[in-house]
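Enquirer: Need a 3D model of the sequence below.
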Amino acid sequence: MRKRIFTGFTIIVIALFYVSESRTSPTGAPSGHTNAPGESVCANSSCHTSNPLNSGGGSVSISIEDMDGPVTSYTAGEDYTITISLKAATSQTTELVGGFQLVALDNDGTSRGSFTLSPDMKTTNSLIGGNLRTYATHTMPESFFPGTGHEWALGWTAPASPAGALTFYAAANSGNGDGTSFGDFIYANSFVLDGLVSIRDNENTYGMEVFPTVTRDVFHVKFKLTHQALLAIELVDLQGRQIREFDRSFFASGSHFRSFNANGLESGIYFLRVASETENAVQKIFIR
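Expert: Sure, this is the predicted structure:
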């Protein structure tokens, strides 16, 4: 019997419409212009600076769907469709052009999940604040008329193992197509996607032991790795929300023993989770 609980993942999706001339840049938007933490947008950098960010009556929005419709949470390893919707600035009267850039980040600012793109899109990589980020972006311009907008749809596969909350940031350029970078409107938005962890009773990839399983403060955990791995050790509640992260670091292969303190937590049932990108170990613990 599989139980599903929410984790504290925030997903960030960022979309950027980048227009340098009367057309979208054929090489795609430059990395790091999505308005995510540590980044800027073209309205605040060296291009498309004529109008303040999110001005002019236009907008950009993000929606994420599975086969059953819109979602506000994801399940590890599942596939989703992301739609980025641009609404043009109300003052624009000529034929418009645009492009986009998208990134999905965890709470540490690292990209999570993978994109499935159409032929007129591509991915780029950049190191921002020491974290590797993978962006989806356009390769061909998109034209649309005043008073309307444009939509971009692409696939996204959630990380194989939950990584915390993922936030989607979107920035969009409603470009006026006059052959320059002046007079364009840049829009930015974000969307938070909680994670769903699928856990089985006593799921135990690493031969994990937690003791005591009923405690007021200190408890201990033992586990064994067959290879080096980056692990997150965290406590989540019955809704899957991260309550406390005890550790996130690289562990060598072999046996490990750690002690943690639950002092200050409310009484109740929790799950201790030890997880890498591909494997998961979960055990129930009672805090008195």
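Enquirer: What ranges in this protein fall below the confidence cut-off?
Expert: Across the chain, the ranges flagged by pLDDT under 70 are 1-28, 42-48, 162, 196-204, 239-240.
Enquirer: Repeat the analysis, applying 50 as the threshold.
Expert: 1-24, 198-202 (pLDDT under 50).
Enquirer: Break down it into its helices, ranges please.
Expert: Read by DSSP state H, the chain holds no helices at all.
Enquirer: who's S85 bridged to?
Expert: S61, E151 (DSSP bridges).
Enquirer: With A172 as the reference, measure out to it.
Expert: 9 Å (CB to CB, to the nearest Å). Where you see a C-beta, it was placed from the backbone N, CA and C, and this is true even at glycine.
Enquirer: quick one: which of those two has more around it?
Expert: A172 (34 against 18; other CB atoms under 10 Å).
Enquirer: From G32, how far out is the more buried one?
Expert: From A172 to G32 the distance is 16 Å (CB to CB).
Enquirer: circling back: shared neighbours, S85 and A172?
Expert: Common contact partners of S85 and A172 (CB atoms under 8 Å, 6 or more residues apart in numbering): V60.
Enquirer: Now do the end-to-end distance for stretch 260-275.
Expert: Terminal residues of stretch 260-275 lie 16 Å apart, using CA to CA, to the nearest Å.
Enquirer: Show me which positions of it end up buried.
Expert: Across stretch 260-275, burial judged by 16 or more other CB atoms under 10 Å covers F260, A262, L265, Y270, F271, L272, R273, V274, A275.
Enquirer: and which of these is nearest S55?
Expert: Of all the buried residues of stretch 260-275, S55 sits closest to A275, with 42.3 Å by CB to CB.
Enquirer: contacting residues for that closest one?
Expert: Here A275 is in contact with S161, P162, L231, A232, E234, A281 (CB under 8 Å, 6+ apart).
Enquirer: Please name the bridge partners of it.
Expert: When bridges are called by DSSP bridges, A275 pairs up with A232, N280.
Enquirer: do you know how far it is from D108?
Expert: In this view, A275 and D108 are 14 Å apart by CB to CB.
Enquirer: Kindly report the same for D217.
Expert: Taking CB to CB, one finds D217 at 28 Å from D108.
Enquirer: Then V282?
Expert: Distance from V282 to D108, by CB to CB: 21 Å.
Enquirer: What of T205?
Expert: For T205, the distance to D108 - CB to CB - is 22 Å.
Enquirer: Can you pick out the residue with more neighbours from the two?
Expert: A count of neighbours by other CB under 10 Å puts T205 above the other of T205 and D108, at 17 against 14.
Enquirer: tell me the contacts of the closest residue to that one other than its chain neighbours?
Expert: Leaving aside its sequence neighbours, T205 sits nearest to E279 (CB to CB, 6 or more residues apart in numbering; 4.3 Å). Listed by CB under 8 Å, 6+ apart, the contact set of E279 reads S161, T205, Y206, A229.
Enquirer: if we go to 10 Å?
Expert: E279 makes contacts with A160, S161, E203, T205, Y206, L225, T226, A229, L231, as judged by CB atoms under 10 Å, 6 or more residues apart in numbering.
Enquirer: Please apply the same query to T215.
Expert: T215 touches F260, N261, A262, N263, L265, I285, F286, I287, R288, counting by CB under 10 Å, 6+ apart.
Enquirer: and these, which of them are in strands?
Expert: Cross-referencing the contacts of T215 against strands under DSSP state E gives F260, N261, I285, F286, I287.
Enquirer: Can you tell me how far the second one is from A76?
Expert: According to CB to CB, N261 stands 28 Å off from A76.
Enquirer: before we move on, what about the last one?
Expert: When CB to CB is the yardstick, I287 and A76 sit 25 Å from each other.
Enquirer: Specify which residue of these two has the higher count of neighbours.
Expert: Taking neighbours as other CB under 10 Å, I287 and A76 compare with A76 leading, 22 against 19.
Enquirer: How many residues are close by A232?
Expert: 21.
Enquirer: Test my guess that it contacts S249.
Expert: Yes. Using CB atoms under 10 Å, A232 makes contact with S249 at a distance of 8.9 Å.
Enquirer: if I look at the closest residue in space to T278 that isn't next to it in sequence, how far off is I84?
Expert: Among residues not flanking T278 along the chain, A160 sits closest, at 5.0 Å (CB to CB, 6+ apart). Applying CB to CB, the value for A160 to I84 is 24 Å.
Enquirer: Thanks a lot, catch you later.
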